[in-house]
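Participant: coords below, sequence missing:
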C-alpha cells in the first residue's frame, strides 16, 4: 500500500493539488478535510493532478466530488489532470467525466510549501 500524499502548489490559473498514492476508504478523509481549506476565487481553476495516484475507490470518488462542490461554491472551475486509465474508466462508467474537465498534463506553476 502506498500512503496518500497531497502536495499543494500555486499556478497562474489557481491552486493545484498533486495527489499520489491510494485515495481510498482509509485515506479519502484527508482530501475531504483539506479541500475546504483551499482558497479559491471566482474564475480560478482548482486542478487535481492525479498522475501519481495508484488507486481510487468509491470513497476517493466521493472526495473528488467534494472538491467539485467546493469549486462550484466558490464560482471556480475544476479540472482533473493526468488521470490514470483505471480511474478514468471508473469516472466514465459513473458519468463523472461529464462534470469534470479532464486534461492530459498538470499545470506548471510555483511549488507550494504545504504538503500533507
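Facilitator: Received it, and whenever you're ready, just let me know what you need. Only a predicted model underlies this, so the values are computations on that prediction, with no experimental measurement involved.
Participant: for the spatially most central residue of the chain, what are phi and psi?
Facilitator: Centroid-nearest residue in the chain: residue 48, 2.9 Å away (criterion: CA atoms, centre = their mean). Dihedral pair for residue 48: phi -110, psi 110, per degrees, to the nearest 10.
Participant: wait, what's in contact with it?
Facilitator: 16, 17, 19, 64, 67, 78, 79, 80, 81 (CB atoms under 8 Å, 6 or more residues apart in numbering). In short, each C-beta sits where N, CA and C put it, glycine included.
Participant: farthest-separated two in those residues?
Facilitator: The largest separation in the contacts of residue 48, counting by CB to CB, is between 16 and 64 at 14.6 Å.
Participant: re the thing from before, closest to residue 52 among the contacts of residue 48?
Facilitator: residue 19 (6.7 Å).
Participant: is the closest one bridged to anything, and to what?
Facilitator: Beta-bridge partners for residue 19, by DSSP bridges, are residue 6.
Participant: check it and give its pLDDT.
Facilitator: pLDDT recorded at residue 19 is 98.
Participant: quick check: it touching residue 55?
Facilitator: No: in this structure, residue 19 is not within contact of residue 55 by CB atoms under 8 Å, at 11.1 Å.
Participant: higher neighbour count, those two?
Facilitator: Ranked by neighbour count (other CB atoms under 10 Å), residue 19 and residue 55 place residue 19 first, with 27 against 16.
Participant: contacts only, for that one.
Facilitator: 4, 5, 6, 31, 48, 49, 50, 52, 53.
Participant: against residue 54, how distant is the second one?
Facilitator: Taking CB to CB, to the nearest Å as the measure, residue 5 and residue 54 are separated by 11 Å.
Participant: remind me which residues of this structure are low pLDDT?
Facilitator: Within the chain, the stretches with pLDDT under 70 are 1, 104-116.
Participant: can you give me the helices in it?
Facilitator: Here the chain has its helices, by DSSP state H, at 28-34, 58-73, 85-94.
Participant: between those, which gets nearest to residue 11?
Facilitator: Here helix 58-73 is closest among the helices of the chain (CB to CB), at 14.3 Å.
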